[in-house]
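Colleague: What shape does this take:
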Amino acid sequence: MPTPTEIDTSFLQLTSLGLPTVLHKGSRGPLVIELQRRLMAAGFNPGPTDGSFGAQTEDAVLSFQRDKGMTVDGIVDSGTWRELGVQFQPPEREEPEGPGLSLEQLRTVMPNCSEMQATELLPHLNTAMLEADITTPQRQAAFLAELAFVTGQLNMLEEPDSGEQYEGLEDLGNVRPGDGPRYKGRGPLLLTGRANYRAAGKALGIDLENNPELAVNPEVGFRVAAWYWTSRDLNQVADQGDFEEVTRRFIGRDTVLPRHRVFYRRALSMLAH
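Modeller: Okay, the predicted model is just below:
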């Protein structure tokens, strides 16, 4: 079991990335792991420390809140964190200035992305596109089309398979036992393989190699996708209107499927007017 000092350090590292601190049943990611560790340290068993806020974790939160005389709602907000020993004030973040997508535009390109999901992801998408200068209709259309295709319209931000299929693949940098599942596809890019996690983390100043689950977080994940895009000079390719070459460099497909091209044409038609 980690010591309180280890927990505090881990929490500060995670929240310094701007990860959301309000958790509830269904939440996933590194802060849920932190919650589960703190609940266990406080004597309330949340079940496996797996980063998934399921029924057992919810029961532990409810019991903790009841024990502390709090509102018993299963929602972990600043008050619950405070009772768990965290004093956290999220850093002020400036909203990016420049061209960005609206909620309506995002859902026009990806109609199967729910309003709730689109609302949660849109700020992170816009920030990442601005940082990577993905700010023209052609660039944005190509970027959105690739993300829509890879993630099933932003509905799959973590590969559903175990990742065993990547075990031992040296071209991905998976040279240690367990690397396949540990470095399976995560985030809007579905970043895969130890070598890619290491490269993305180095570029962004985040230790993704030792904390691969951070790639699932939307803020980190969209920045990873934008880094991958710029590292392959895809703004220039998108400016030329060569969607086939964008696809070849971004996801390694030599043939663009019809349903893939639909996203591109839909986005380009909408953004160009």
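Colleague: what about the nearest residue to residue 133 once chain neighbours are set aside, helix or strand, and which?
Modeller: Once flanking residues are discounted, residue 133 sits nearest to residue 235: 6.0 Å by CB to CB, 6 or more residues apart in numbering. In this view, the C-beta of every residue, glycine as well, is placed from N, C-alpha and C. According to DSSP states H and E, residue 235 maps onto helix 234-239.
Colleague: which SS class is the closest residue to residue 231 other than its chain neighbours?
Modeller: Closest residue in space to residue 231, ignoring its immediate chain neighbours: residue 203 at 7.3 Å, by CB to CB, 6+ apart. Look at residue 203: counting by DSSP: H, G, I helix; E, B strand; the rest coil, its state is helix.
Colleague: right, and residue 203 touches residue 230 too?
Modeller: No - using CB atoms under 8 Å as the test, residue 203 is too far from residue 230 to be in contact (9.2 Å).
Colleague: what's the overlap in contacts for those two?
Modeller: Counting by CB atoms under 8 Å, 6 or more residues apart in numbering, no residue touches both residue 203 and residue 230.
Colleague: Toward the C-terminus, what is the element adjacent to the helix holding residue 235?
Modeller: helix 243-251.
Colleague: Any chance you could list what contacts that following helix?
Modeller: By CB under 8 Å, 6+ apart, the list of residues contacting helix 243-251 reads 142, 145-146, 149-150, 228-229, 232, 234, 237-238, 253-254, 256, 260-261, 264.
Colleague: could you flag which of these are buried?
Modeller: 142, 145-146, 149-150, 228-229, 234, 237-238, 256, 260, 264 (16 or more other CB atoms under 10 Å).
Colleague: Show me which of the residues you listed has the smallest pLDDT value.
Modeller: In terms of pLDDT, residue 256 ranks lowest among the buried ones among the contacts of helix 243-251, with 78.
Colleague: What distance do you get for that residue to residue 248?
Modeller: For residue 256, the distance to residue 248 equals 9 Å [CB to CB, to the nearest Å].
Colleague: Could you pull up phi and psi at residue 230?
Modeller: phi -70, psi -30 (degrees, to the nearest 10).
Colleague: Please read the previous query as pertaining to residue 36.
Modeller: Torsion angles, degrees, to the nearest 10, at residue 36: phi -60, psi -40.
Colleague: before we move on, what about residue 28?
Modeller: phi -140, psi 160.
Colleague: One more: residue 261?
Modeller: phi -70, psi -30.
Colleague: For it, which non-adjacent residue is spatially closest?
Modeller: Per CB to CB, 6+ apart, closest to residue 261 is residue 243, 7.0 Å.
Colleague: How many residues are close by residue 174?
Modeller: 23 (other CB atoms under 10 Å).
Colleague: isn't residue 266 right next to residue 109, touching?
Modeller: Yes - taking CB under 8 Å as the definition, residue 266 is a contact partner of residue 109 at 5.7 Å.
Colleague: Mind checking which of those two has more residues around it?
Modeller: More crowded of residue 266 and residue 109, by other CB under 10 Å: residue 109, with 26 against 18.
Colleague: pLDDT weak spots in the stretch 1-150 of the chain?
Modeller: 1-22, 87-99 (pLDDT under 70).
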